[in-house]
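>>> Whatever this is, show me its structure:
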Amino acid sequence: MPQEECVCEGQDKVFGDYAQEAMGPCTEAGAGEYLPGPQEQEATGAHEQGQMGPVGPWATGRVDWGPLAGLTGTRPVVDSYSVTRYSEAEWRHHNQQLLCRAMDEQRAAYTTDLNSREAMETVAASADQTQHNNTGRLGQRAADIHRWRTELERSLEELILEIDMLEAQRRRARHAKIALGIVRNIAAECLSRRAKRIGSDLVRDEVEEELIKEAALVKEVEDLIDRTIRQIEEQQERNKAIKARMEDDWSDKKQAYDIEAINTNLTIKSPTILFKPGATRFPDSQSTPAGWEDNVRDILQTAQEVKAQSCELRALLDGPVLSDCVRDLRAQADKVDRALAQRISQTDLCRQALENELMAVIGKIADTEKLIVELKEAIRAMDAPMKKAQTRLDNRLHRPRIENCRDKPQFGLVDEVKSIAEQVSCLQGQLREAEERLVRLLTVRGQLEREVQIKRNSLYIDKERCQLTRSHYPSSSALAGHS
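Numbers count the residues shown, from 1 in each chain. Predicted coordinates:
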């Protein structure tokens, strides 16, 4: 880099004095004793530099190794007196290389020192600035998390309130169903009681039809309330599901906010900072900022939609479901009560008429029985005149001979017997007719008595049982589910 090149050039200038000072030993007067001379420095070949050859005049002993071993330096040239490896020129050249290398390394160390100190200052300033920037970013992130967490808290509180209100409506619907069960039992009880009417009163009257309509209406309303309760329970499941999702997201955001708050307040002197190997990795499960914000927006939008559905269901329960059902049930109950009261009045009037007629029939039966007795006495009273006439005729048959003639007394007595016989026959006919009429009157009496008993039984069922049972009919507020 250009800045680094300038720094190095400045460092080279600064290092000049240090280099001259380091090269001092090489230029001193006695340096030729352990450093190469000028002639040796100009030489280029191995033999010109004073390198020891593989075989020399001093190698008087036997040579154990060939020239190749000497050239490679792996084995020394051996004679019978000593072992030698380097020449004196090589020794001086080696000293020169070692001193130059030491000087180069000191120069490089000085450069490294300057570069390191400048780098430390630059790195410290850059690290401080980077930490300051990241602290600002963490603070902004914590503010964003706090903002969305607050929004989640508000929406969560509204949803919890909606869940409580819908739960109250569910309890109200259940109370309405309980009250509807009372209505169903009342209608069934009345139908069952009226089924025990006997004889001619076992008819399909208006009360019966209205009770059947009421039972059918109760069944329809009960089915409607059951469907409404199921809808409320399903809506509550959706409400609680989104509530749990919002609580989980709120908990995650609270934990994330706490972590970001801790990170924002961390300094280089904090006692909790440690090396965390692998902290710079990017896990596969990490989300993007756009995805994170879309997720919380989706949760809030879903919560608003679910809450709107819940409010609509509550409005439906407050409106056409319960109010209309209560109105229809009360209207039908009034129809049943009116028809029942009218039927009781009609039955009672009929009973009174039957009882009055029964009393008249009983009186007529008594008169007929008295007439029969009188007729029998009248018939028995005709026996004496018949006996008298027949005795006269029989006595006249004993007249002697010519005296036994058909005179007017004979014809008169015969006419008398015939007349008495006809009169007795007439009385007997009247007696038979009176006896038959008595039998018919007795039959009518039995029928009237049975009808009176039937009417009294019907009155007991309708008045003492049905009206008493229907007096326990739930009020409109109970049918609406209010406690």
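>>> which of the residues in stretch 280-294 are buried?
Trp292 (16 or more other C-beta atoms under 10 Å). No exception for glycine: its C-beta is placed from N, CA and C like everyone else's.
>>> State the mean pLDDT of that stretch.
What stretch 280-294 shows for mean pLDDT is 87.
>>> hey, C-alpha coordinates of it in CSV?
Below are the C-alpha coordinates for stretch 280-294, written out as CSV (Å, rounded to 0.1, in the frame of the first residue of the first chain):
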residue,chain,number,x,y,z
THR,A,280,-18.8,-16.1,14.3
ARG,A,281,-20.6,-19.0,12.6
PHE,A,282,-23.9,-18.4,10.8
PRO,A,283,-26.3,-21.1,11.9
ASP,A,284,-28.7,-22.5,9.2
SER,A,285,-31.7,-21.7,11.4
GLN,A,286,-30.9,-17.9,11.5
SER,A,287,-33.5,-15.7,10.0
THR,A,288,-33.1,-12.5,8.0
PRO,A,289,-34.2,-9.1,9.3
ALA,A,290,-36.9,-9.0,6.6
GLY,A,291,-38.1,-12.4,7.5
TRP,A,292,-38.1,-11.6,11.2
GLU,A,293,-40.2,-8.5,10.7
ASP,A,294,-42.5,-10.3,8.2
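>>> Contacts for it next, please.
Residues outside stretch 280-294 that contact it (C-beta atoms under 8 Å, 6 or more residues apart in numbering) are Trp148, Asn295.
>>> Now do the strands in the stretch 251-400 of the chain.
Defined through DSSP state E, counting those that start in this stretch, the strands belonging to the stretch 251-400 of the chain form an empty list.
>>> same check, this time on the stretch 51-200 of the chain
77-78, 83-84.
>>> And these, which one averages the lowest pLDDT?
Least confident of the strands of the stretch 51-200 of the chain, judged by mean pLDDT, is strand 77-78 with a mean of 52.
>>> what mean pLDDT would you report for the one helix or strand Glu237 maps to?
Per DSSP states H and E: Glu237 is located in helix 206-265. Averaged across helix 206-265, the pLDDT comes to 92.
>>> which helices and strands sit right next to that helix?
helix 88-194, helix 289-316, helix 322-381 (3 or more C-beta pairs under 8 Å, 6 or more residues apart in numbering; DSSP states H and E).
>>> closest to Tyr34 out of the ones you listed?
For the helices and strands packed on helix 206-265, proximity to Tyr34 was assessed by C-beta to C-beta; helix 88-194 is nearest, at 5.1 Å.
>>> Measure how the closest one sits relative to helix 322-381, angle-wise.
20 degrees (axes from the mean of the first three to the mean of the last three C-alpha atoms, to 10 degrees).
>>> what helices or strands is helix 88-194 leaning on?
Contacts defined by 3+ C-beta pairs under 8 Å, 6+ apart place helix 88-194 against helix 2-22, helix 24-27, helix 38-42, helix 206-265, helix 289-316, helix 322-381, helix 468-470, helix 476-479.
>>> Ok, which of those helices comes nearest Glu158?
Nearest of these (C-beta to C-beta): helix 289-316, 6.5 Å.
>>> So which bits of that closest one are buried?
Buried, per 16+ other C-beta under 10 Å, within helix 289-316: Trp292, Val296, Ile299, Leu300, Ala303, Val306, Lys307, Ser310, Leu313, Arg314.
>>> swap in stretch 328-339?
Residues of stretch 328-339 classed as buried: Leu329, Gln332, Ala333, Lys335, Val336, Asp337, Ala339 (neighbour count, 16+ other C-beta under 10 Å).
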